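Asks: Pasting the sequence and the predicted coordinates here, then a few questions.
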Amino acid sequence: MNVSRTRPGPRGRTVLFILVLPAILLASVDLRADGPATSPRSIRNWSFEVVSGPSLGGPSSDLEAAMRRYGFDDSTHGGWFGSGTSYPYTDDELWVTTSYWGAARRRLGSGPWHVGLAGGPTGFGIVSGYRETGAGGYTGAYVDAEARMVTLAPMAWYEPARGLRLGAGPAIHRVDLELGSMWFSSGSELFRSYEPGLVVEAAITVPVDTPVFFIALAQYRWAASATAGPWETTTSSGARVEFPGTSVSLSHGFVALGIGGRF
């Protein structure tokens with residue numbers, strides 16, 4: 001009898017909310033650079049922010065494809081804990097895909113350009129696979145792959161209008177690919193690498209002149225590919241199971257909401 005694991009539900013409503021909210025904020029921001037001013041605009045040279053939201057894309061589809069290619073695409077059967085599970089699948093609930101980003105910047109003179117440093121951790125979810133070894137009982141081989149990333153990026157930002165900001169900069173990504181049987185005694189192995197990349201972003205801030213502001217941010221993060229594996233295990237029946245080394249794409253999108261300050 002095989003153990004089944006429940007496939008998590010979708011997170012579409014949360015992502016839709018985060019994608020729609022920037023449009024709502026944009027409608028409330030005065031982006032007219034030549035509009036009448038009711039009071040002199042105060043210049044605050046420094047600003048910072050902290051945001052969080054889901055990662056979109058990344059290595060999960062490549063890891064699922066690899067599990068199908070290497071035979072980890074069997075299904076468990078009904079038992080004490082449910083009606084079985086089809087593999088592979090990705091656990092993409094917010095608790096494993098929520099990412100965080102922070103930035104600190106300084107204005108160059110009194111113009112629209114800023115420079116600074118940004119970065120934060122990213123989660124991509126957990127991809128799970130299963131191979132039936134044919135020995136019966138609890139002898140199948142489970143494999144899980146979790147991808148995480150920490151990014152550091154020196155960036156430059158340009159404000160084409162009040163409340164709107166565009167930014168870009170080179171990045172270095174520390175990539176952790178954990179591969180193995182995370183929930184069972186055979187354990188897992190961590191594959192770590194440092195990959196070059198690029199971050200581009202667009203952000204809306206509101207209010208535009210106050211010391212404290214709210215922010216809606218969208219990014220695209222390009223990164224060089226990384227390798228997960230190889231990994232091997234032996235089932236309780238003595239069957240040897242291998243997951244060969246696999247190259248996966250790390251480039252992804254990121255949408256987030258947060259808060260910041262100017263001083």
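Replies: Noted; the coordinates are in hand. Numbering: from 1, shown residues only.

Asks: Identify the residue spatially nearest to residue 212, adjacent ones excluded.
Replies: Once flanking residues are discounted, residue 212 sits nearest to residue 261: 5.5 Å by CB to CB, 6 or more residues apart in numbering. The way it works is simple: take the backbone N, C-alpha and C, and place the C-beta from them, glycine included.

Asks: wait, residue 174 sits on residue 196?
Replies: No. Residue 174 is not in contact with residue 196 according to CB atoms under 8 Å; the separation is 11.5 Å.

Asks: Look at these two and report which has more neighbours.
Replies: Shown here are residue 174 and residue 196; by other CB atoms under 10 Å, residue 174 has more neighbours (14 against 11).

Asks: got a list of what the more buried one touches?
Replies: Residue 174 makes contacts with 149-151, 192-194, as judged by CB atoms under 8 Å, 6 or more residues apart in numbering.

Asks: and if we set it to 6 Å?
Replies: Contact partners of residue 174, counting by CB atoms under 6 Å, 6 or more residues apart in numbering, are 150, 194.

Asks: Just name the shakiest helix or strand of this protein by mean pLDDT.
Replies: Between all helices and strands in the chain, the lowest mean by mean pLDDT, DSSP states H and E belongs to helix 12-28, at a mean of 44.

Asks: Could you list every helix and strand that the next helix or strand after that helix packs against?
Replies: Following helix 12-28 in sequence order, the next helix or strand is strand 46-57 (DSSP states H and E). Contact analysis of strand 46-57 by 3 or more CB pairs under 6 Å, 6 or more residues apart in numbering; DSSP states H and E lists strand 98-107, strand 252-262 as its packing neighbours.

Asks: With distance to residue 203, mean pLDDT and mean neighbour count added, can I get these in a markdown table?
Replies: As requested, those are exported to a markdown table (distance: least, CB to CB, whole Å; pLDDT from 0 to 100; neighbours: other CB atoms under 10 Å):
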| stretch | distance to residue 203 | mean pLDDT | mean neighbour count |
| --- | --- | --- | --- |
| strand 98-107 | 9 | 96 | 19 |
| strand 252-262 | 9 | 97 | 19 |
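
Asks: Of all these, which one is nearest residue 222?
Replies: strand 252-262 (8.9 Å; CB to CB).

Asks: who touches the closest one?
Replies: If you take CB under 6 Å, 6+ apart as the criterion, strand 252-262 is touched by 18, 44, 47-53, 55-58, 99, 211-221.

Asks: same check, this time on stretch 140-149
Replies: 2, 59, 63, 72, 122-124, 126-133, 173, 175-179, 181-182, 228, 235, 241, 243.

Asks: What residues sit buried inside that stretch?
Replies: Within stretch 140-149, the residues scored as buried using 16 or more other CB atoms under 10 Å are 140-149.

Asks: Just put those in a markdown table and tack on secondary structure, pLDDT and distance to residue 169.
Replies: Below are the buried residues of stretch 140-149 laid out as a markdown table (DSSP: H, G, I helix; E, B strand; the rest coil; pLDDT from 0 to 100; distance: CB to CB, whole Å):
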| residue | secondary structure | pLDDT | distance to residue 169 |
| --- | --- | --- | --- |
| 140 | coil | 79 | 46 |
| 141 | strand | 85 | 43 |
| 142 | strand | 87 | 40 |
| 143 | strand | 91 | 36 |
| 144 | strand | 93 | 33 |
| 145 | strand | 94 | 29 |
| 146 | strand | 93 | 27 |
| 147 | strand | 93 | 23 |
| 148 | strand | 94 | 21 |
| 149 | strand | 96 | 16 |
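
Asks: Which member of those is positioned nearest residue 203?
Replies: Nearest to residue 203, judged by CB to CB, of those is residue 149 at 20.4 Å.

Asks: Check the gap between the closest one and residue 259 for me.
Replies: From residue 149 across to residue 259, the span is 23 Å (CB to CB, to the nearest Å).

Asks: Please apply the same query to residue 118.
Replies: For residue 118 relative to residue 259 (CB to CB), the value is 15 Å.

Asks: got it, and residue 244?
Replies: According to CB to CB, residue 244 and residue 259 sit 45 Å apart.
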